[in-house]
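Peer 1: let me see the structure of the following:
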Amino acid sequence: MKGVKYFFTVALFLFFFFANFKIVFAENCVCDGYRRVTTDNCDSGKYAICGGQGSNIVCSCHANLPTTVPVNSLGQNNLCIDGVSVDTALGCIPVKMDKFIAWLLPILFSISGGIAFLLMVYGFILITTSNGDPKAIQGARETITSAIIGLLISIFAIFILRLIAVDILKIPGIS
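Peer 2: Residues are numbered from 1 along each chain as shown. Got it, this is the predicted structure:
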């Protein structure tokens with residue numbers, strides 16, 4: 001536990017030591033290193049939005065904001081360079097539903113595939129360490145079978161979703 005605390009303390013120190021907080025200029029507005037608007041020269045009715053990370057922070061003027069932009073304690077608006085995605089610890093997450101689902105589905109399928117793989121490995125380990133016990137072998141086989149069935153369901157889930165949502169219910173916006 002002491003090593004973990006030491007690691008995160010050193011990592012935090014290195015982050016602030018090597019962070020590049022400098023003022024970045026753009027077309028009609030200026031952002032500082034914390035993605036706060038310092039100079040707003042946008043036309044009336046337009047909003048200055050800072051986005052990006054590190055030395056790639058840019059400021060741009062937008063006619064309207066696509067969503068409510070979250071602001072943290074430093075006054076940053078947490079938008080990515082595209083002005084629509086929100087910058088989080090997981091990267092730039094889209095705020096529009098169709099793009100969010102397209103971003104989320106590969107992550108969910110990767111996690112489900114990883115869990116199924118780990119359960120199959122666990123089942124194979126149970127078989128090899130069962131010493132011929134029929135109950136242990138049966139439990140291991142059930143674990144492996146359940147993992148394979150779960151993996152198949154997660155693989156075919158997108159086809160089931162398309163069948164129900166697009167073909168049967170004809171929900172708009174899902175393609």
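Peer 1: got the domain ranges for this structure?
Peer 2: 2-93, 97-168 (automatic domain parsing).
Peer 1: least reliable of the ones you listed by average pLDDT, please.
Peer 2: In terms of mean pLDDT, the lowest-scoring of those is domain 2-93 (a mean of 64).
Peer 1: tell me where the protein has strands.
Peer 2: 24-25, 29-31, 37-40, 47-51, 58-62, 86-88, 91-93 (DSSP state E).
Peer 1: closest one to Gly114 among those strands?
Peer 2: Across the strands of the chain, Gly114 has its closest neighbour in strand 91-93 (18.6 Å, CB to CB). Glycine gets a C-beta too; all of them are placed from N, C-alpha and C.
Peer 1: buried set for stretch 128-144?
Peer 2: Neighbour-count burial for stretch 128-144, counted by 16 or more other CB atoms under 10 Å, picks out Ala140, Thr143, Ile144.
Peer 1: can you put the strands of the chain in JSON lines and add mean neighbour count?
Peer 2: Rendered in JSON lines, the data for the strands of the chain read as follows (neighbours: other CB atoms under 10 Å):
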{"stretch": "strand 24-25", "mean neighbour count": "15"}
{"stretch": "strand 29-31", "mean neighbour count": "22"}
{"stretch": "strand 37-40", "mean neighbour count": "15"}
{"stretch": "strand 47-51", "mean neighbour count": "22"}
{"stretch": "strand 58-62", "mean neighbour count": "19"}
{"stretch": "strand 86-88", "mean neighbour count": "16"}
{"stretch": "strand 91-93", "mean neighbour count": "15"}
